[in-house]
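[1] have a look at this prediction, sequence included:
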Amino acid sequence: MTLIQKIQTQPNLTQQDINTFIQTLINPDIDNETKAELLRDYTARPLNQTEVTYLVAAMIQTMYPVQPVYPGAMCVCGTGGDKSNSFNISTTASFIVAAAGVNVLKHGNRSITSASGSSDLLNKMGIASSQVADVETRMQETGLAFLNATDTYPVMKYIQPIRKMLEGPTIFNILGPMIHPFKLEYQVVGVYNPEFVKPMAETLYDLGRKRAIVLHGANGMDEATLSGENIIYEVNQETGITSYHLNAEDVGLTPASNETLKGGTPAENLEITLNILTGKDHSSKRDVVVLNAGIALYVAEKADSIQEGVTLAQQLIDKGKAFAQYKKTGGQVYDYIG
């Protein structure tokens with residue numbers, strides 16, 4: 001039976017099947033039309049949590065047979081794919097989280113399914129991404145490092161064109177946040193599809209995360225939002241996985257529509273980020289960032305609750321520490337920002 005026949009007919013694939021699938025996608029000698037058919041058919045399968053763990057393992061093994069470790073490392077990111085065209089919420093939140101002393105190693109990419117991915121914004125900020133070998137030096141200097149998936153996984157250059165050939169999200173939207181080159185202790189992942197939250201939480205547990213939260217934002221976003229009930233799955237390596245809902249009012253924030261979180265080009269998103277980090281913006285855009293930063297600060301054990309995390313995030317902005325972290329990381333400040 002061929003691989004594509006197995007993908008189309010077998011409810012459960014083996015680790016070897018998954019390894020073959022990944023090796024086929026990254027093989028430069030196989031044409032993109034064949035790869036696109038494989039990826040399309042695999043993405044159409046019902047999500048199988050065991051296979052997700054296999055996929056993550058297969059991708060990591062392509063580059064990191066032994067994953068590097070950085071003490072207390074954390075990543076905050078979304079899967080993308082929610083078609084909301086929101087501004088770069090998790091990237092903005094990362095500066096706040098790092099300002100609290102959390103070792104943030106943010107893994108991101110150029111946009112595939114949105115107007116501005118994290119790497120697009122960082123390029124506009126003038127912040128260079130770090131190579132894996134340089135992360136320790138970078139962290140000692142700035143306390144925050146950004147890693148570009150096309151650098152950490154050069155094999156992705158064979159996959160990106162296929163993703164662009166297909167309409168909408170693929171399985172790689174789910175895998176992307178979980179194939180961090182470093183073996184993380186802490187992680188927050190936003191997911192565009194509520195059906196994926198539980199299996200992704202289970203996979204992060206399988207990967208050994210000390211603490212993590214996987215969430216689906218109210219009304220379809222891949223970040224925690226202010227517009228209703230956010231679905232939260234909390235991972236704790238000691239106590240297991242728990243689930244609950246969280247809304248803006250639970251943590252003292254004002255409800256707001258997702259429409260108020262719209263972003264634009266990398267240049268427009270940079271202005272939004274700087275207005276938040278400098279304390280000028282007190283709109284729902286600031287609130288959604290402090291909500292997501294607060295969740296991350298709770299996961300990273302800098303706060304005893306998400307509510308306390310939100311309060312800490314607000315203080316880090318208001319005391320100038322978040323913007324100081326932005327400048328320490330190498331972020332540029334342009335003339336139109338006063």
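    That came in fine, so what should we check first? Numbers count the residues shown, from 1 in each chain.
[2] so which elements touch the lowest-mean-pLDDT helix or strand in the chain?
    Within the chain, no helix or strand scores below helix 118-125, which has a mean of 86 by mean pLDDT, DSSP states H and E. With contacts defined as 3 or more C-beta pairs under 8 Å, 6 or more residues apart in numbering; DSSP states H and E, helix 118-125 has these neighbours: helix 89-99, strand 103-108, strand 144-148, helix 266-277. For every residue, glycine as well, the C-beta is placed using N, CA and C.
[3] which elements pack onto the following helix or strand past it?
    Heading C-terminal from helix 118-125, the first helix or strand you meet, by DSSP states H and E, is helix 135-142. Counting contacts by 3+ C-beta pairs under 8 Å, 6+ apart, helix 135-142 is packed against strand 103-108, strand 144-148.
[4] again, 10 Å this time
    Packing partners of helix 135-142 (3 or more C-beta pairs under 10 Å, 6 or more residues apart in numbering; DSSP states H and E): strand 103-108, strand 144-148, helix 321-328.
[5] relative to residue 33, which of those is closest?
    Judged by C-beta to C-beta, the one of the helices and strands packed on helix 135-142 that comes nearest to residue 33 is strand 144-148, at 27.2 Å.
[6] so for that closest one, mean pLDDT?
    Regarding strand 144-148, the rounded mean pLDDT is 94.
[7] so what's residue 307 closest to, chain neighbours aside?
    Closest residue to residue 307 apart from its sequence neighbours, by C-beta to C-beta, 6 or more residues apart in numbering: residue 251 at 4.7 Å.
[8] so that neighbour touches residue 295, yeah?
    Yes: taking C-beta atoms under 10 Å as the definition, residue 251 is a contact partner of residue 295 at 9.1 Å.
[9] looking at those two, which is more packed in?
    residue 295 (29 against 20; other C-beta atoms under 10 Å).
[10] wait, residue 182 touches residue 132, no?
    Yes: judged on C-beta under 10 Å, residue 182 makes contact with residue 132 at a distance of 7.8 Å.
[11] who touches both of the two?
    Common neighbours of residue 182 and residue 132 (criterion: C-beta atoms under 10 Å, 6 or more residues apart in numbering): 64, 67-68, 105, 145, 147, 152.
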